[in-house]
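In: here you go, sequence then predicted model.
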Amino acid sequence: EPVDHDRLKSVKGAGIAEHNLPEYAVGKNVWASLMAYRTDSLKRVPKSWGDFWNTHSFAGPRSLQSAEADYPELEFALLADGVPLDKLYPLDVDRAFASMSRIR
């Protein structure tokens, strides 16, 4: 049956994006991946995934989401390797893992 979103109290005014309100469902999972860093330990601010991968200019340990928890951040690895945002898909998985191996 189609969902009458107007009848759902928790949907009204909740700011749910239109694409998460399809005719037969209500989307519930939204997440983001981001780059964070310590402002007290870097002289320069990383501004791209290329910077994140640049262990010479930005020394120190890195952390990415665990492959056991979910898929690894293949898009970040490809962006760091110079793939333009509009050319990410389909993912070049071999290239992504090669890029990831450089910061292992």
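Out: Received it, and whenever you're ready, just let me know what you need.

In: how close does the spatially most central residue of the chain sit to residue 18?
Out: Central residue of the chain (Cα atoms, centre = their mean): residue 33, 3.6 Å from the mean position. Residue 33 sits 22 Å away from residue 18, going by Cβ to Cβ, to the nearest Å. C-betas here are computed from N, CA, C, even on glycine.

In: so what's residue 1 up against?
Out: Taking Cβ atoms under 8 Å, 6 or more residues apart in numbering, we find residue 1 in contact with residue 24.

In: what bits of this structure have low per-residue confidence?
Out: 66-72 (pLDDT under 70).

In: next, the buried residues of the biggest helix by length in the chain.
Out: Across the chain, the longest stretch assigned as helix under DSSP state H is helix 93-101. Buried positions in helix 93-101, judged by neighbour count with 16 or more other Cβ atoms under 10 Å: 96, 99, 100.

In: could I get these in TSV, plus columns for distance to residue 9?
Out: Shown next, in TSV, are the buried residues of helix 93-101 (distance: Cβ to Cβ, whole Å):
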residue	distance to residue 9
96	43
99	46
100	45
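
In: among the residues you listed, which one sits closest to residue 56?
Out: residue 99 (15.4 Å; Cβ to Cβ).

In: correct me if wrong: the closest one contacts residue 53.
Out: Yes. With contact defined as Cβ atoms under 8 Å, residue 99 reaches residue 53; the gap is 6.9 Å.
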